[in-house]
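Colleague: Sequence and predicted structure are below.
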Amino acid sequence: TNLLGSHFAYHLDLSNVGCKCNAAGYFIDMPGPAAGDGGDWYCDANFVNNQWCPEYDTLESNKYTIAGTLHTCDGGDGQWYSCDRGGCQNNAFKVDPNMICPESRCTINTQKEFLISHNQNYGYANIWMQQDDREANFMICADGGYADRMAESYESGMVFGASLWGGDGINMDWLDGMTGCSGPCNLASSSVSFRDFEIWS
């Protein structure tokens, strides 16, 4: 998918994704340079499948907050190495503690489904959300130069993936620790819904 200058949008339901769980949506600069250990040409910025490639975490979330992260890598043209695992990240709760939560007082009440869009180009990446007549948005990365480097992967096309993860021994404080919610994640009873994917120009 060519993401440069476009909006990647869908409806999202986080109502059954509790504290310390992570409903994630992300784009990776697949295929990797080889089939890799898994035989599926998968790669990402954390060296999964023993292959590096840029990763755009459009969504890392549960019903208490949403974060987004850009991960750039050294190299190019499908030959990547030494990726930035920490990346350039922002979190909705840090921007506005009342932006998103499982209560009606927040702009986005995660007890109900809402529309979300990811818009990215050279210099920026943005998360925008709408529920009924309320809207909220925030920039993922405050470093324009870093966002420029990430944008080099958008136009050539990236592959979307999604996951729901968490559980015993996995520390999700980086995602939701600042919200004051308590875990642990009960992954077996958790679920997330992504529906009606669209690309807006």
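Modeller: Yep, it's here.
Colleague: Could you use CA atoms for every contact and neighbour count after this?
Modeller: Fine.
Colleague: partner residues bridging residue 26?
Modeller: Taking DSSP bridges as the rule, residue 26 bridges to residue 161.
Colleague: Find the least confident helix or strand in this protein, judged by mean pLDDT.
Modeller: The helix or strand of the chain with the lowest confidence, counting by mean pLDDT, DSSP states H and E, is strand 79-81 at a mean of 88.
Colleague: Would you give the sheet partners of it, along with the direction of each?
Modeller: Strand pairing for strand 79-81, using DSSP bridges, gives strand 74-76 (antiparallel).
Colleague: which residues sit against the partner strand?
Modeller: Contact partners of strand 74-76, identified using C-alpha atoms under 8 Å, 6 or more residues apart in numbering, comprise 80-83.
Colleague: Quick one, which of those residues are buried?
Modeller: Neighbour-count burial within these applies to 80-81, 83; the criterion is 16 or more other C-alpha atoms under 10 Å.
Colleague: tell me what the lengthiest helix in the chain is packed against?
Modeller: Ordering each helix of the chain by length in residues (DSSP state H) puts helix 144-151 first. Applying 3 or more C-alpha pairs under 8 Å, 6 or more residues apart in numbering; DSSP states H and E, we find helix 144-151 packed against strand 65-71, strand 114-121, strand 124-131.
Colleague: Tabulate these (TSV), appending mean pLDDT and mean neighbour count.
Modeller: Shown next, in TSV, are these (pLDDT from 0 to 100; neighbours: other C-alpha atoms under 10 Å):
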stretch	mean pLDDT	mean neighbour count
strand 65-71	98	25
strand 114-121	98	21
strand 124-131	98	20
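Colleague: Please tell me how far the closest residue to residue 72 other than its chain neighbours sits from residue 155.
Modeller: Distance criterion C-alpha to C-alpha, 6 or more residues apart in numbering; nearest residue to residue 72, sequence neighbours excluded, is residue 54 at 5.0 Å. Remark: distance between residue 54 and residue 155 (C-alpha to C-alpha, to the nearest Å) = 13 Å.
Colleague: who's more crowded, these two?
Modeller: The residue with more neighbours, out of residue 54 and residue 155, is residue 54; 32 against 13, by other C-alpha atoms under 10 Å.
Colleague: before we move on, which element is the residue nearest the centre of the chain in?
Modeller: In the chain, the residue lying closest to the centroid (C-alpha atoms, centre = their mean) is residue 59, at 2.2 Å. Element membership for residue 59, per DSSP states H and E: strand 55-62.
Colleague: Partner strands of that strand, with direction?
Modeller: Partners of strand 55-62, by DSSP bridges, with direction: strand 21-28 (antiparallel), strand 65-71 (antiparallel).
Colleague: Name the residues that touch stretch 145-163?
Modeller: 1-4, 22-30, 54, 56, 70-72, 88, 120-125, 141.
Colleague: Buried members of these into PyMOL, please.
Modeller: Selecting just the buried residues from these in PyMOL takes one command, with 16+ other C-alpha under 10 Å as the test:
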select buried, resi 3+4+22+23+24+25+26+27+28+29+30+54+56+70+71+72+88+120+121+122+123+124+125+141
